[in-house]
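Visitor: Fold the following, please.
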Amino acid sequence: MTKRTDRTELFKGIKTLIFALFNLFLGPVFLSFAFSKPDDKLYIPLVILGSLICLLAIFLVFRGLKRITNSFFNKQ
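Guide: Predicted coordinates for the structure are as follows:
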């Protein structure tokens with residue numbers, strides 16, 4: 001077995017990190033919209049949505065990094 005990088009897994013990890021980067025910007029935008037108008041009727045849904053997007057972004061960063069490192073070390 002040759003020690004080579006699994007390119008398909010590497011590209012999946014990079015795609016996951018790009019999607020995580022998008023969420024890393026989108027989540028705080030929703031939170032800032034919510035915190036700018038705390039008296040609005042959409043305050044609670046925007047805080048919940050922004051928090052969930054931020055948590056998703058953190059999860060996707062770890063998942064993408066794990067995929068990239070697994071592609072380097074040929075772990076399945």
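
Visitor: Please count neighbours and contacts with C-alpha atoms only from this point.
Guide: Will do.

Visitor: where does the chain dip in pLDDT?
Guide: Within the chain, the set of residues satisfying pLDDT under 70 comprises 1-2, 75-76.

Visitor: residue boundaries of the helices in it?
Guide: For the chain, the helices defined by DSSP state H cover 7-36, 43-73.

Visitor: Same list (these) but as JSON lines, adding mean neighbour count.
Guide: Output for the helices of the chain, formatted as JSON lines (neighbours: other C-alpha atoms under 10 Å):
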{"stretch": "helix 7-36", "mean neighbour count": "17"}
{"stretch": "helix 43-73", "mean neighbour count": "17"}
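
Visitor: Confirm for me that residue 53 is in contact with residue 27.
Guide: Yes: with contact defined as C-alpha atoms under 8 Å, residue 53 reaches residue 27; the gap is 5.0 Å.

Visitor: nearest residue to residue 20 other than its sequence neighbours?
Guide: residue 57 (4.7 Å; C-alpha to C-alpha, 6 or more residues apart in numbering).

Visitor: Who are the contact partners of the one you found?
Guide: Contacts for residue 57 were tallied using C-alpha atoms under 8 Å, 6 or more residues apart in numbering; they are 19, 20, 21, 23, 24.

Visitor: Look up the closest residue to the last one, ignoring the ones flanking it.
Guide: Computed as C-alpha to C-alpha, 6+ apart, the closest residue to residue 24 that is not its neighbour in sequence is residue 57, at 5.6 Å.

Visitor: Please verify my assumption that residue 23 contacts residue 59.
Guide: No: using C-alpha under 8 Å, residue 23 makes no contact with residue 59, being 10.5 Å away.

Visitor: measure the residue nearest to residue 20 to residue 27 for me?
Guide: Taking C-alpha to C-alpha, to the nearest Å as the measure, residue 57 falls 8 Å from residue 27.
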